[in-house]
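**Q** Take this sequence and fold it.
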Amino acid sequence: MPAALARPRVLAAAAAAISLLGVCGAPAQARESGPIVDVHSAAQLAPDGRSMTVTILASCPERWTVVEAVVSVAQPQSSGQASFPLTCIGSLRSFTVAVPSTAGAFQLGQAQASASVTISRGRTARAQDSAVVDVQPSVFVELAGTARLESGGSAVVIDVTTACPVGANGLQSRLNVSQGQAYGSGSYLPVCDGQRHTVTVRAAAVQGAFRAGDARALTFADVEYGGTAFTGVDDRPIQIVA
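**A** A predicted model of the protein is given here:
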């Protein structure tokens, strides 16, 4: 191709690239000029109903100052609000915010959740998002640190404490205890009334024999709500005593 024809085409291509960069870059710059906040579609209800945990995504441009970053939750019988620790670093992050109830107790079902972020840097900018969220049960479970040896090592018994919100239904839940080559399991049923309940669970050995000393226990506490299963987990070292 003759040089005289090549140069205008190169210049035209460069101009087109600059023009395209300007078009594509404008939205990105606009996004960076203000805060962003987005409410997740599901929230978790504490077993006692006194708080609800909401997950949000939020960001704000570097060198801006956060004036306010808050999440609010409302149901017909209760509401609440909490702040979250947003800092302006220019990247989108996830925040898990526990919102306490100011009156009454939250319930399973649905709730109106809102989040807002206000920032300043010579001027003020604000972003807000609101959504109807599904309120799902959270499941608390805690194993005791000590188990008791029984039947010459053919089983151990250990206390398990659980709690789940009113409206959920406890499902058959498993407990596993392992110690070297020895392994055993047991089961229990969580009670969902908003209170903590402690039950003594017997884990019968299905392999080997237990002895006094260090071991490990793992439990999955299962409940059901709206046809969906939800699980609380505890996994910890324990001490087996005679």
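**Q** now this protein, which segments are flagged as low pLDDT?
**A** For the chain, residues meeting the criterion pLDDT under 70 lie at 1-32.
**Q** quick one, helices of it?
**A** 3-32 (DSSP state H).
**Q** For the residue nearest the centre of it, list the residues it contacts.
**A** Central residue of the chain (C-alpha atoms, centre = their mean): residue 96, 6.2 Å from the mean position. Listed by C-beta atoms under 8 Å, 6 or more residues apart in numbering, the contact set of residue 96 reads 53, 54, 55. No exception for glycine: its C-beta is placed from N, CA and C like everyone else's.
**Q** Can you tell me which of these end up in strands?
**A** In strands, defined here by DSSP state E, the members of the contacts of residue 96 are 53, 54, 55.
**Q** With distance to residue 219 as new columns, can those be given to me in TSV?
**A** Below are the ones in strands among the contacts of residue 96 laid out as TSV (distance: C-beta to C-beta, whole Å):
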residue	distance to residue 219
53	22
54	27
55	25
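**Q** circling back to that earlier point, for the residue nearest to the centre of the chain, list each beta-bridge partner.
**A** residue 55 (DSSP bridges).
**Q** got it, and residue 233?
**A** Under the criterion used here (DSSP bridges), residue 233 is bridged to residue 220.
**Q** Report how many residues lie close to it.
**A** If you count neighbours by other C-beta atoms under 10 Å, residue 233 ends up with 10.
**Q** Now a ChimeraX select for only the buried ones of the contacts of residue 96.
**A** To isolate the buried members of the contacts of residue 96 in ChimeraX, using 16 or more other C-beta atoms under 10 Å:
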select :53,54,55
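**Q** right, and out of the contacts of residue 96, which lies closest to residue 183?
**A** residue 53 (34.6 Å; C-beta to C-beta).
**Q** for the closest residue to residue 126 other than its chain neighbours, what are its contacts?
**A** Closest residue in space to residue 126, ignoring its immediate chain neighbours: residue 118 at 4.6 Å, by C-beta to C-beta, 6 or more residues apart in numbering. Taking C-beta under 8 Å, 6+ apart as the contact definition, residue 118 lies against 35, 66, 67, 68, 69, 124, 125, 126.
**Q** tell me the domain boundaries of the chain?
**A** 34-137, 140-241 (automatic domain parsing).
**Q** what about the first one, start to end distance?
**A** Looking back up the chat, that one is domain 34-137. Start-to-end span of domain 34-137 (C-alpha to C-alpha, to the nearest Å) is 35 Å.
**Q** from the middle of its chain, how far away would that domain be?
**A** 13 Å (C-alpha atoms, centre = their mean, to the nearest Å).
**Q** Repeat that for stretch 162-169.
**A** The answer for stretch 162-169 is 18 Å, by C-alpha atoms, centre = their mean.
**Q** Go ahead and produce PDB holding the CA coordinates of stretch 91-111.
**A** This file holds the C-alpha atoms of stretch 91-111, laid out as PDB (Å, rounded to 0.1, in the frame of the first residue of the first chain):
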ATOM      1  CA  SER A  91     -13.600  -1.100  45.600                       C
ATOM      2  CA  LEU A  92     -16.900  -3.000  46.100                       C
ATOM      3  CA  ARG A  93     -17.100  -5.000  49.400                       C
ATOM      4  CA  SER A  94     -19.600  -7.200  51.200                       C
ATOM      5  CA  PHE A  95     -20.800  -6.300  54.600                       C
ATOM      6  CA  THR A  96     -22.800  -8.500  57.000                       C
ATOM      7  CA  VAL A  97     -24.900  -6.200  59.200                       C
ATOM      8  CA  ALA A  98     -26.700  -7.300  62.400                       C
ATOM      9  CA  VAL A  99     -29.800  -5.100  62.800                       C
ATOM     10  CA  PRO A 100     -31.300  -5.100  66.300                       C
ATOM     11  CA  SER A 101     -35.000  -4.900  66.900                       C
ATOM     12  CA  THR A 102     -36.000  -1.700  68.600                       C
ATOM     13  CA  ALA A 103     -39.500  -3.000  69.600                       C
ATOM     14  CA  GLY A 104     -41.000  -6.400  69.500                       C
ATOM     15  CA  ALA A 105     -39.300  -9.300  67.700                       C
ATOM     16  CA  PHE A 106     -38.500  -9.900  64.100                       C
ATOM     17  CA  GLN A 107     -40.200 -12.900  62.500                       C
ATOM     18  CA  LEU A 108     -39.600 -15.400  59.600                       C
ATOM     19  CA  GLY A 109     -41.200 -14.500  56.300                       C
ATOM     20  CA  GLN A 110     -40.400 -11.200  54.600                       C
ATOM     21  CA  ALA A 111     -39.100  -7.800  55.500                       C
END
